[in-house]
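In: Quick one: sequence plus predicted model below, questions after.
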Amino acid sequence: MKTRATDILLEIMSDPEMSTRRRIQAAEALLGFEAPVDVINHAREYLASVFENREGEKVEDRMEAASLRSASSRRVTWTV
């Protein structure tokens, strides 16, 4: 279920005026919530975009994004 907290974190993560570090922290927080799959996917896609951005991101931010995205892959469970 989307909540006010997930909406705020999505807003932070999507704000290009925020530092990459803060945006990564927002994505990490979203991955810690029991959020809808589309919210989790959005956070994971953002982390992937940071990791893949060789020219525009610092190596430490890229590595943090890769680590969080990888950890989130292991946590995802699907229920029917």
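Out: Right, received. Where do you want to start? Residues are numbered from 1 along each chain as shown.
In: by contact count, what packs against the lowest-mean-pLDDT helix or strand in the chain?
Out: Between all helices and strands in the chain, the lowest mean by mean pLDDT, DSSP states H and E belongs to helix 59-75, at a mean of 82. In terms of contacts (3 or more C-beta pairs under 8 Å, 6 or more residues apart in numbering; DSSP states H and E), helix 59-75 is packed against helix 20-32, helix 37-52. (Each C-beta comes from the backbone N, C-alpha and C, glycine too.)
In: low-confidence ranges in this protein?
Out: 71-80 (pLDDT under 70).
In: 50 instead?
Out: 74, 76-80 (pLDDT under 50).
In: Point out the most buried one among the helices and strands packed on helix 59-75.
Out: helix 20-32 (a mean of 19; mean count of other C-beta atoms under 10 Å).
In: Show me what that helix is packed up against.
Out: helix 4-14, helix 37-52, helix 59-75.
In: If you compare the directions of that helix and helix 37-52, what angle comes out?
Out: With axes from the mean of the first three to the mean of the last three C-alpha atoms, to 10 degrees as the basis, helix 20-32 and helix 37-52 are set at 150 degrees to each other.
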